[in-house]
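In: Mind folding the following:
(chains A and B, ligands or ions: 2)
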Amino acid sequence: MTLLDKLSKGDDDTPPEQITEKVADARTGVAETLRKTLRSNVRQYGMIVALVLITVLFAVLSSGKLLTPLNVTQVIQQNGYILVLAIGMMLVIINGHIDLSVGSVAALVGAIAGILIVDWHWDWRLVLVAGIALGALIGAWQGYWIAYVKIPAFIVTLAGMLLFRGLAQLLLEGQSIGPFPDAFRDIAAGFLPDLGNVQGVQFVGISDFTVQLKVGPLHTLTLVLGVAAVALLVWTELRARQGRRSYGLPAGPRSLFVAKLVALGLVVMLFGYVLASYQGVPVVGLILIALIAAYSFMMNRSVAGRRIYAVGGNEKAALLSGVKTKKNTFWVFVNMGALAALAGMIFAARLSAATPKAGVNFELDAIAAAFVGGASASGGIGTVVGAIVGALVMGVMNNGMSMIGVESDWQQIIKGLVLLAAVAFDVYNKRKAKN
Amino acid sequence: MDDHILDMRAIGKEFPGVKALDHVDLRVRRGEIHALIGENGAGKSTLMKVLSGVYPHGSYTGEIVVDGRPAAFKDIRQSEAAGIVIIHQELALVPQLSIAENIFLGNERGGRGLVDWRETNRQAMRLMAAVGLVEDPEAPVSGIGVGKQQLVEIAKALSKEVRLLILDEPTAALNEADSAGLLALLRALRDQGITSILISHKLNEVTAVADRITILRDGRTIETLDAGSGAVDEDRIIKGMVGRDLDHRFPPREPEIGELLFEVEGWTVDHPTVAGRRVVKDASVTVRRGEIVGIAGLMGAGRTELAMSVFGRSYGSYVGGEVRMNGRALRLRTVSEAIDAGIAYVTEDRKQFGLLLDEDIRRNTTLAALRRVSKRGVIDLDREVVESERLRERLRVKTPTVFQKTGNLSGGNQQKVVLGKWIFTEPELLILDEPTRGIDVGAKYEIYGIVHQLAAEGRGVLVISSELPELLGLCDRVYAMNQGRVTGELPRREATQEAVMRLMTDSATPAGTVAP
Ligand SMILES: Nc1ncnc2c1ncn2[C@@H]1O[C@H](COP(=O)(O)OP(=O)(O)OP(=O)(O)O)[C@@H](O)[C@H]1O
Ligand SMILES: [Mg+2]
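Out: Numbers count the residues shown, from 1 in each chain, chains lettered A, B, ... in the order given. Ligands and ions are numbered 1, 2, ... in the order given. Model (predicted):
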């Protein structure tokens, strides 16, 4: 018999039902549960609320232009590569490091992809795979110096920023290469194929606070995908709820659960509908959804993800708990390199050209996204969804400000202030929680 | 009439889900040493943080009266201006700066933005003399021992014209000589009219030095005892702390010692950075199943270094030696290999090496044995909650749920979480390094009980402790180490305080010899 069994079967043994009651502070009502979840996730919900507010603000300022199906699609396509970088950067920051080289890595991989496709006529699919592998290799190079030689990531990746930018310029001899074949360009600019031409009621936009609709074709596959996503969502949430039950853990009030599902489902459907009113889900959008799902799962549920948090939270404690901290950090940088490569190729596909100046300041956008999205500068804290929300806050602001004609110097000033405000809000909240 | 320097009335302080203080009263007379004691999580540190403005006025209820006038400190600066200085459980020195710089940190000598170094060093020397610290004022703080760092903290307090000095577990990390020195200093300060509040779990110190003692339990004041001239003994204090008589400091136990479980032979380790400096020299130790074995030694004897080095070479560079488990030689090159082999090492420094302070109890509990709650690399989050909740209940960690951040727990509760984490790995050999540092008597008793239980299941336990009574009360056999060598071994009946002490300070005896 194990100690645990014995411990849990001691004289004053607590039956599992009682344990679980303790876990939830007894069975609590709707209001109480809601208050608790909100309070313990101020940061997460705060960012989402901020995103909604910023969206509404610019929707109003641009008299509805922000929310037209065309513009929503464009926001996704304009920010796709930053979102990809933000996911990787979030992992790096959670792990307790930083990566300044991602923009240069993106440029270098974009340049090599350009040479391979345009000059050497390689198949674009092969190039995509080779490019990601090359990115991983670059990540391994940096990860080696950071994890095993213990040179601070700030310095290694600063060196990498210069090094890979220089290599990209050298390879391109200061020129741009292009154009790319359409199939490759579709990664950034294309849409999913349609199943057939279904006529329906299209969403046109919102102006003067009224929804404008018109009769026209809808992208069927997108609608189907939307329904499928909602079904998947409901199924996983139900299963999770059942799982909690089977352990005797409290699952929270049913009404709240249903309300949450309905709200989430509506958001997904609405989003799908808006996209379907234009040309459907962009290819980058699909790539992003896959990445977000995979990385969220990894960080929330997998042993590997848990260890990435542990190393960032307290490297020595993680080491003494059997975590191979060096290997862990090494792989986080390999991953960052691969995602930077992907971002670089998406960017090249979007411009339909590989240029030596590609990816300048990408690292700053990605880092800003991570911190706006709730990462902690000292590591150990942050979520993938946070990185996405953070990147979208910045992306919607970029888009919205351009739309209403804010000049680019002012755009920078405002974005800087927003970054500072988001982190200050975070610090303030933490302090309040302490007292 | 009594002259009170401090009167705290009906202080209440709540954290989300925890009532840390509930109508606590504390009255301190001018010029006394007032001990504040209570179990882990009783609210001692919280009360002192309320007093010193760490928790500002408005974030607590009740009233604070200093020198007869109501006080409403908004931050530490204001309480320091009133002559109240707190020295926290974790020292707050800047390691790279010199002793003098640390003493006057935030309070620099000189004017118009310039530091007057001559004046700084001259005044630092004066303060260092006052606390009995003999060092070069320009030496960096990182180069002196913990005991002396503690003195630097006090010198720093003196530089702020302190009238009420608060020390939160100042001797927890000190050896006996340094502790005694510190207590003597407190007495000397008292003679100069400085009042102090001392928080400590070492009851012998409390009875030796305190004029009065206030006992807290579960966030409430239980009583204030007059303790001048040894009027109160330890048993009396314990009764106040735990609410009942605690007849024995150690739970009863019938040792059942089985076959040989674990052997270390000829273990030799070098310092990680200083080449050629041997930290552990040819050390050999054995543990049988069901046996609790202690390692005694002074600070720097190489005990922690030996344990950590055996535990997957997590300290220093390995030179030689063999580890056998159940008679089979093992190669433990990484911590995970050691864990897989059934070894657990509970660190002496829970904050630095033991816990992820930003994460909750649940995630800390499972970190070293994620395999037990996962399948193919995917964690079963519900099972994790249930398992960690069970451990929390049985180890009596005082907090409503396992979702509490470990950084918010009191020291004793943090220690229990670290212990729980290693019990969760189901080890065959559990190495405990200073398992009760900073822990109250009641919790110590509980931890000893858990150790007994582990041994009774046929596991081996190796205990490193600087408190001799603990080793003698807990262990079936005691090794002594000195300057990296095992200087001897004594079975329980021969292990008296004097005999072990002799071995601990004796470097002439060759390794492995059994003392007569
Ligand atoms: N920031 C915080 N957030 C939530 N709970 C807290 C926080 N700080 C302290 N607590 C809780 O308040 C109670 C009192 O803690 P406190 O640190 O004052 O205990 P203590 O008497 O100093 O214990 P120890 O002897 O272990 O140091 C504990 O239950 C602790 O978990
Ligand atoms: Mg305390």
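In: C-alpha only now, for contacts and for neighbours.
Out: Fine.
In: next one: phi and psi at the closest residue to B:Phe250 other than its chain neighbours?
Out: Nearest residue to B:Phe250 in three dimensions, chain neighbours excluded: B:Tyr445, at 5.9 Å (Cα to Cα, 6 or more residues apart in numbering or on different chains). When read as degrees, to the nearest 10, the backbone of B:Tyr445 gives phi -60, psi -40.
In: so what's B:Ile464 up against?
Out: B:Gly294, B:Ile295, B:Ala296, B:Arg303, B:Thr304, B:Ile431, B:Leu432, B:Asp433, B:Glu434, B:Pro435, B:Leu471 (Cα atoms under 8 Å, 6 or more residues apart in numbering or on different chains).
In: Near the last one, how many other residues are there?
Out: Think B:Leu471. Using other Cα atoms under 10 Å in any protein chain shown, B:Leu471 has 25 neighbouring residues.
In: out of the contacts of B:Ile464, what pair is the most spread apart?
Out: Within those, B:Thr304 and B:Leu471 form the most distant pair, 15.3 Å apart (Cα to Cα).
In: Low-confidence stretches in the stretch 401-516 of chain B?
Out: Applying pLDDT under 70 to the stretch 401-516 of chain B flags the ranges B:507-516.
In: can you list the residues of it near chain A?
Out: B:Thr401, B:Val402, B:Ile423, B:Phe424, B:Glu426, B:Leu454, B:Glu457 (Cα under 8 Å from any Cα of the partner chain).
In: could you redo the last one with a cut-off of 7 Å?
Out: B:Thr401 (Cα under 7 Å from any Cα of the partner chain).
In: Strands of the stretch 151-300 of chain A, start to end?
Out: Taking DSSP state E, counting those that start in this stretch, the strands of the stretch 151-300 of chain A run over residues A:197-207, A:210-219.
In: B:Met241 versus B:Arg29, what's the distance?
Out: According to Cα to Cα, to the nearest Å, B:Arg29 and B:Met241 sit 22 Å apart.
In: Which one's more surrounded, these two?
Out: B:Met241 (24 against 17).
In: Quick check: chain neighbours aside, which residue is closest to that one?
Out: In space, B:Met241 is closest to B:Gly38, 5.3 Å off (Cα to Cα, 6+ apart).
In: circling back to that earlier point, just the closest of the contacts of B:Ile464 to B:Asp116, please.
Out: Nearest to B:Asp116 among the contacts of B:Ile464, with distances taken as Cα to Cα, is B:Thr304, at 42.4 Å.
In: Setting aside sequence neighbours, what's the nearest residue to that closest one?
Out: Using Cα to Cα, 6+ apart, the closest residue to B:Thr304 is B:Asp433 (6.9 Å).
In: same check, this time on A:Gly379
Out: Once flanking residues are discounted, A:Gly379 sits nearest to A:Gly96: 4.1 Å by Cα to Cα, 6+ apart.
In: where does that neighbour fall, helix, sheet strand or coil?
Out: coil (DSSP: H, G, I helix; E, B strand; the rest coil).
In: same deal with B:Glu135?
Out: Secondary structure state of B:Glu135, per three-state DSSP, is coil.
In: Let me know how buried B:Thr61 is, in neighbour terms.
Out: By other Cα under 10 Å, 17 other residues sit near B:Thr61.
In: isn't there a helix covering B:Ile86?
Out: No: using three-state DSSP, the assignment for B:Ile86 is strand, not a helix.
In: is it true that it touches B:Arg163?
Out: No: in this structure B:Ile86 lies outside contact range of B:Arg163 using Cα atoms under 7 Å: 11.0 Å.
In: low-scoring stretches of the chain, by residue?
Out: Unless you meant another one, I'm taking chain A. In chain A, residues with pLDDT under 70: A:1-29, A:40, A:432-435.
In: um, chain B though
Out: In chain B, residues with pLDDT under 70: B:1-2, B:229-230, B:245-247, B:507-516.
In: How about the residues of chain B by chain A?
Out: Counting by Cα under 7 Å from any Cα, chain B sits next to chain A at B:55, B:59, B:335-336, B:339, B:352-356, B:358, B:367-368, B:370, B:377-379, B:382, B:389-390, B:394, B:400-401.
In: which of those residues count as buried?
Out: Among the residues of chain B next to chain A, the ones that count as buried by 16 or more other Cα atoms under 10 Å in any protein chain shown are B:55, B:59, B:335-336, B:339, B:353-356, B:358, B:367-368, B:370, B:378-379, B:382, B:389-390, B:394, B:400-401.
In: Restricted to helices, list those residues.
Out: B:Val335, B:Ser336, B:Ile339, B:Asp382, B:Glu389, B:Arg390, B:Arg394 (DSSP state H).
In: Distance across stretch B:204-217, terminal residue to terminal residue?
Out: Where stretch B:204-217 begins and where it ends lie 19 Å apart, using Cα to Cα.
In: Quick one: residues in contact with it.
Out: Residues from elsewhere that reach stretch B:204-217, judged by Cα atoms under 7 Å, 6 or more residues apart in numbering or on different chains: B:32-39, B:42, B:183, B:221-228, B:230, B:232-234, B:240-241.
In: got the buried residues for it?
Out: B:Glu205, B:Val206, B:Thr207, B:Val209, B:Ala210, B:Asp211, B:Arg212, B:Ile213, B:Thr214, B:Ile215, B:Leu216, B:Arg217.
In: Quick one: the residues you listed as a markdown table, columns for distance to B:Gly449 and secondary structure too.
Out: As requested, the buried residues of stretch B:204-217 are exported to a markdown table (distance: Cα to Cα, whole Å; DSSP: H, G, I helix; E, B strand; the rest coil):
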| residue | distance to B:Gly449 | secondary structure |
| --- | --- | --- |
| B:Glu205 | 25 | helix |
| B:Val206 | 25 | helix |
| B:Thr207 | 26 | helix |
| B:Val209 | 30 | helix |
| B:Ala210 | 30 | coil |
| B:Asp211 | 33 | coil |
| B:Arg212 | 32 | strand |
| B:Ile213 | 28 | strand |
| B:Thr214 | 28 | strand |
| B:Ile215 | 25 | strand |
| B:Leu216 | 24 | strand |
| B:Arg217 | 22 | strand |
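In: Let's have the residues you listed in CSV, adding distance to A:Gln202.
Out: Putting these into CSV (distance: Cα to Cα, whole Å) gives the following:
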residue, distance to A:Gln202
B:Glu205, 80
B:Val206, 79
B:Thr207, 83
B:Val209, 83
B:Ala210, 81
B:Asp211, 83
B:Arg212, 81
B:Ile213, 78
B:Thr214, 75
B:Ile215, 73
B:Leu216, 69
B:Arg217, 68
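In: What is the most widely separated pair among those residues?
Out: B:Val209 and B:Arg217 (21.5 Å).
In: Compute the number of surrounding residues for B:His248.
Out: Neighbours of B:His248 using other Cα under 10 Å come to 9.
In: Can you tell me how far it is from B:Pro469?
Out: According to Cα to Cα, B:His248 and B:Pro469 sit 13 Å apart.
In: what's stretch A:397-406 in contact with?
Out: A:Phe58, A:Leu61, A:Ser62, A:Leu66, A:Val75, A:Gln411.
In: give me the number of residues near the residue in the stretch 201-350 of chain A that ligand 1 sits nearest to?
Out: Scanning the stretch 201-350 of chain A for proximity to ligand 1 using Cα to the nearest ligand atom identifies A:Gly313 as nearest, at 17.9 Å. Neighbours of A:Gly313 under the rule other Cα under 10 Å: 24.
In: Does the residue nearest to B:Met241 touch B:Gly240 like I think?
Out: No: applying Cα under 7 Å as the test, B:Gly38 and B:Gly240 come out as separate, 8.3 Å apart.
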